[in-house]
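Chemist: Structure for the following, please:
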Amino acid sequence: MSGDDLREAERLGPAPPVPEPGRVRSALKLATIDIGPLKRHRDFRLLFFGQGVSFFGSMITYVALPYQAYQLSGSSLVVGLLSLAELGPLLVTAFVGGALADAFDRRRLVQIAEASLALCAGILALNATLDSPKLWVLFVVGALMAGLDGLQRPPLDALTPRLVERHELVAASALDSFRGNIGMVTGPAVGGILIATLGLPITYLIDVATFGASLGALALMRAVPPPPDAVRPSLSGIVDGFRYAASRPELVGTYGVDMLAMFFGMPLALFPAFASEFGGAGVLGLMYAAIPAGSLVATATSGWTGRVHRHGVAVIWAAAAWGVAITAVGFAPNLALVLVFLGFAGAADMISGIFRGTIWNTTIPDHLRGRLAGIEQVSYSAGPLLGNLESGIVASFAGIRASIASGGVLCVIGVALAALALPAFRRYDGREHVVLTEPAERARS
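Modeler: Here you go, the predicted model:
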């Protein structure tokens, strides 16, 4: 507002306050997601939309697989054991995928993994058409898909820093999270409806079809060759990645806090049984969708995250808030409150994820991004997989609600202890820590 405007306002006397347009725009910017990277970078845009469609299909299978396991076995423990079967291959392939991502075209590696995942979904569809579907097929294919995810995720995560500018990494991380949350909200909800109406074979086949969009988008992208100083995949190279991660306390903090929160506070294996209290398959889809729905709201209003620099503290508080919300789920008396508290949990997890992703993207040199992405993959996947097993075991002798509530309490305690044990992580300030080397070349669009 100019000086003349101010004097005119004084002459006219008091008037209802009218926000300045600039301030309104600034406030809206803080409360909305930054889509600038999508506007400015063609290859990032292709990756964003292609992965969005295929991830939607994967989330349909994400509901269908444990539902079918529970349907065939009637046991939450079996659903937890399914997660354990997925963990072993993931632990191996995530590190291999990370090493490959630092040595080969990351786009090509994602293409190979996506095509293989589509084949796995086709096998699940075929098994579901049998008069007596085989439970062991779910374990074998689930383990195979987890292994392929371990190969795919490191090159996929390492692609983004090559497709956008460094100052856009926070916005790109939020957009990636937004895309993922759209899939995690719509996929499980649609999956529950599909299972209840069209059956499991059609549900799995829809997942197969969605990979077509991803493979088409990847084909249109330019190649993303490895950095000039890339090293050949080797065991020593993987060890170098571990050494670098161990040397950065901010990275150790992101891994440790998230794994503790997910190990104690991840009750997804209980959802098929928990949903039976409220209505079955249709409700199951809503439960799986509630967490990402909260994440989606947090991501869509994430403009303010660019103003936060104490990223370590932000991760700690968000992880603790997840535990509090999960505890409340265990005591919720009706479905509405269950969904509300799951939504709060999802919002907290997404805030944690945005800041963890920002720490990763701004502290890891490009020639190590693939190997470090493999470690990240294990950290944010092993926690939930082990958490599903833990919750299934506790539920088998203490009951569903006791397992959920106690897990949330232990999550808060674990995060608090981790925060006390990691003072360097608590003090981490993004303004004082930068990546040691910039990529020698960037795939521009």
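Chemist: Report the contact partners of residue 91.
Modeler: By C-beta atoms under 8 Å, 6 or more residues apart in numbering, the residues touching residue 91 are 150, 378, 382. The way it works is simple: take the backbone N, C-alpha and C, and place the C-beta from them, glycine included.
Chemist: Flag every buried residue along stretch 190-208.
Modeler: Within stretch 190-208, the residues scored as buried using 16 or more other C-beta atoms under 10 Å are 190-196, 200-201, 203-208.
Chemist: Go through the residues you listed and flag which are in helices.
Modeler: Among the buried residues of stretch 190-208, the members found in helices (DSSP state H) are 190-196, 200-201, 203-208.
Chemist: Tell me which of the contacts of residue 91 fall in helices.
Modeler: 150, 378, 382.
Chemist: burial count for the last one?
Modeler: A total of 21 residues lie near residue 382 under the criterion other C-beta atoms under 10 Å.
Chemist: Could you do the first one as well?
Modeler: Using other C-beta under 10 Å as the criterion, residue 150 is surrounded by 25 other residues.
Chemist: likewise the second one?
Modeler: For residue 378, the tally of surrounding residues (other C-beta under 10 Å) stands at 24.
Chemist: Contacts only, for it.
Modeler: 90, 91, 94, 95, 150.
Chemist: For residue 66, identify the helix or strand it belongs to.
Modeler: Using DSSP states H and E, residue 66 sits in helix 42-73.
Chemist: which residue ranges form the helices in the stretch 201-350 of the chain?
Modeler: With DSSP state H, counting those that start in this stretch, the ranges of helices along the stretch 201-350 of the chain come out as 235-247, 249-265, 271-275, 281-300, 311-331, 335-363.
Chemist: Taking the contacts of residue 378 together, which two end up most distant?
Modeler: Using C-beta to C-beta, the two most remote members of the contacts of residue 378 are 90 and 95, lying 9.8 Å apart.
Chemist: List the residues that contact residue 52.
Modeler: If a contact means C-beta under 8 Å, 6+ apart, then residue 52 has 179, 182, 183 as its contacts.
Chemist: I'd guessed the first one sits against residue 51; true?
Modeler: Yes - with contact defined as C-beta atoms under 8 Å, residue 179 reaches residue 51; the gap is 6.5 Å.
Chemist: which of those two has more neighbours?
Modeler: Taking neighbours as other C-beta under 10 Å, residue 179 and residue 51 compare with residue 51 leading, 23 against 20.
Chemist: distance of that one from residue 273?
Modeler: Distance, residue 51 to residue 273, by C-beta to C-beta, to the nearest Å: 32 Å.
Chemist: With residue 182 instead?
Modeler: 27 Å.
Chemist: try residue 265
Modeler: From residue 265 to residue 273 the distance is 18 Å (C-beta to C-beta).
Chemist: between those two, who's got more neighbours?
Modeler: For residue 265 versus residue 273, neighbours defined as other C-beta under 10 Å are more numerous around residue 265 (33 against 19).
Chemist: Output the below-cut-off pLDDT ranges for the stretch 101-250 of the chain.
Modeler: Along the stretch 101-250 of the chain, segments meeting pLDDT under 70 span 227-231, 233-234.
Chemist: Kindly reformat the helices of the stretch 201-350 of the chain as a markdown table and extend each row with distance to residue 65.
Modeler: Output for those, formatted as a markdown table (distance: least, C-beta to C-beta, whole Å):
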| stretch | distance to residue 65 |
| --- | --- |
| helix 235-247 | 29 |
| helix 249-265 | 19 |
| helix 271-275 | 11 |
| helix 281-300 | 11 |
| helix 311-331 | 22 |
| helix 335-363 | 20 |
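Chemist: right, and those - which one's nearest residue 61?
Modeler: Closest to residue 61 of those is helix 281-300 (C-beta to C-beta; 11.5 Å).
Chemist: how about that closest one: buried residues?
Modeler: Neighbour counts over helix 281-300 (16+ other C-beta under 10 Å) mark 281, 283-300 as buried.
Chemist: if you average pLDDT over it, what comes out?
Modeler: The average pLDDT for helix 281-300 rounds to 80.
Chemist: can you dump the C-alpha coordinates of that helix into CSV?
Modeler: Presented in CSV, the C-alpha positions along helix 281-300 are these (Å, rounded to 0.1, in the frame of the first residue of the first chain):
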residue,chain,number,x,y,z
ALA,A,281,-14.0,-55.2,2.2
GLY,A,282,-15.6,-51.8,1.4
VAL,A,283,-14.6,-50.5,4.8
LEU,A,284,-11.1,-52.0,4.4
GLY,A,285,-10.5,-49.8,1.4
LEU,A,286,-11.5,-46.7,3.4
MET,A,287,-9.1,-47.7,6.2
TYR,A,288,-6.2,-48.1,3.8
ALA,A,289,-7.2,-44.8,2.1
ALA,A,290,-7.5,-42.8,5.3
ILE,A,291,-3.8,-42.5,6.1
PRO,A,292,-2.9,-41.2,2.6
ALA,A,293,-5.9,-38.9,2.6
GLY,A,294,-4.4,-37.2,5.6
SER,A,295,-1.1,-37.2,3.8
LEU,A,296,-2.7,-35.7,0.8
VAL,A,297,-4.1,-32.8,2.8
ALA,A,298,-0.7,-32.2,4.4
THR,A,299,1.0,-32.2,1.0
ALA,A,300,-1.5,-30.0,-0.7
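Chemist: of all the buried residues of stretch 190-208, which two lie farthest apart?
Modeler: The most widely separated members of these, counting by C-beta to C-beta, are 196 and 208 (19.9 Å).
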